[in-house]
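J.: Coordinates for the following, if possible.
(one chain, ligands or ions: 1)
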Amino acid sequence: MRMLLIHSDYLEYEVKDRALKNPEPISEEQRKGRLDEVLAVFMSVEKVDEANPEEVVEKAVKEIKDVAGQVKAEKIFVYPFAHLSSDLAKPDVALEVLQKVEEKLKEEGFEVKRAPFGYYKAFKLSCKGHPLAELSRSVVPSGEAVS
Ligand SMILES: C[C@@H](O)[C@H](N)C(=O)N[C@H]1[C@@H](O)[C@H](n2cnc3c(N)ncnc32)O[C@@H]1CO
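T.: Model prediction:
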């Protein structure tokens, strides 16, 4: 799993078109979304993560919590993003991992939104620009090599 974490004044998206034959079913309300004062986390779930998705969820949540604590962000935007890796996990595994990350972050007390999975989306992002505002993390199941 590769993550790009951007501490932002806001992130807003609008669903445009389907990018998969079977994208995640969404309500009309989910076609647009916005959070202010947010840690935006762009996430590519990788093939290597299929060996142990549960462990990758735990490791990703730990990294996100760590960065959120450092930048004092209380809101997280989980954003499916297929462009951080050249070796992507298959969509059904990726969606499950991202749904579990969202769920666990909510359990930790964060306000969380997750952008819809399997779509082309327009988005606007306002990066805060401080020294910790742009970070990347990579997590893999134990025993696997980070590519
Ligand atoms: C396209 C671009 O504008 C948009 N932002 C996009 O990336 N859409 C991706 C993700 O929502 C999702 N998706 C599929 N596989 C994965 C994966 N392994 N990890 C994360 N997302 C995935 O399916 C879409 C097409 O790959």
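
J.: Now do the same for the residue nearest the centre of the chain: helix, strand or coil?
T.: Nearest to the mean C-alpha position of the chain, by C-alpha atoms, centre = their mean, lies Val78 at 3.4 Å. Secondary structure, DSSP: H, G, I helix; E, B strand; the rest coil: Val78 is strand.

J.: got the contact list for it?
T.: Contact analysis of Val78 by C-beta atoms under 8 Å, 6 or more residues apart in numbering lists Val41, Met43, Leu98, Val101, Glu102, Leu105, Val112, Lys113, Arg114, Ala115. From N, CA and C alone the C-beta is placed, and that goes for glycine too.

J.: Give me every residue in this protein lying close to the ligand.
T.: For the chain, the residues in contact with the ligand (C-beta under 6 Å from any ligand atom) are 19-20, 43-45, 80-83, 88-89, 91, 94, 117-121.

J.: Just the buried residues of the residues you listed.
T.: 43-45, 80-82, 88-89, 91, 94, 117-119, 121 (16 or more other C-beta atoms under 10 Å).

J.: Now intersect those residues with the helices, please.
T.: Using DSSP state H, the subset of those located in helices is Pro91, Ala94.

J.: Which members of the buried ones among the residues of the chain next to the ligand define the maximum pairwise distance?
T.: Greatest spacing in these, by C-beta to C-beta: Ala89 and Lys121 (19.3 Å).

J.: Which residue, other than its chain neighbours, is closest to the residue nearest to the centre of the chain?
T.: Leaving out its chain neighbours, the residue that sits closest to Val78 by C-beta to C-beta, 6 or more residues apart in numbering is Arg114, at 4.1 Å.

J.: And Pro116, by the same measure?
T.: Pro116 sits nearest to Ile26 (C-beta to C-beta, 6+ apart), 4.7 Å away.

J.: how many neighbours does the one you found have?
T.: Using other C-beta atoms under 10 Å, the number of residues around Ile26 comes to 14.

J.: if we can go back for a sec, out of the contacts of Val78, who's nearest Val146?
T.: For the contacts of Val78, the nearest to Val146 is Met43 (15.1 Å; C-beta to C-beta).
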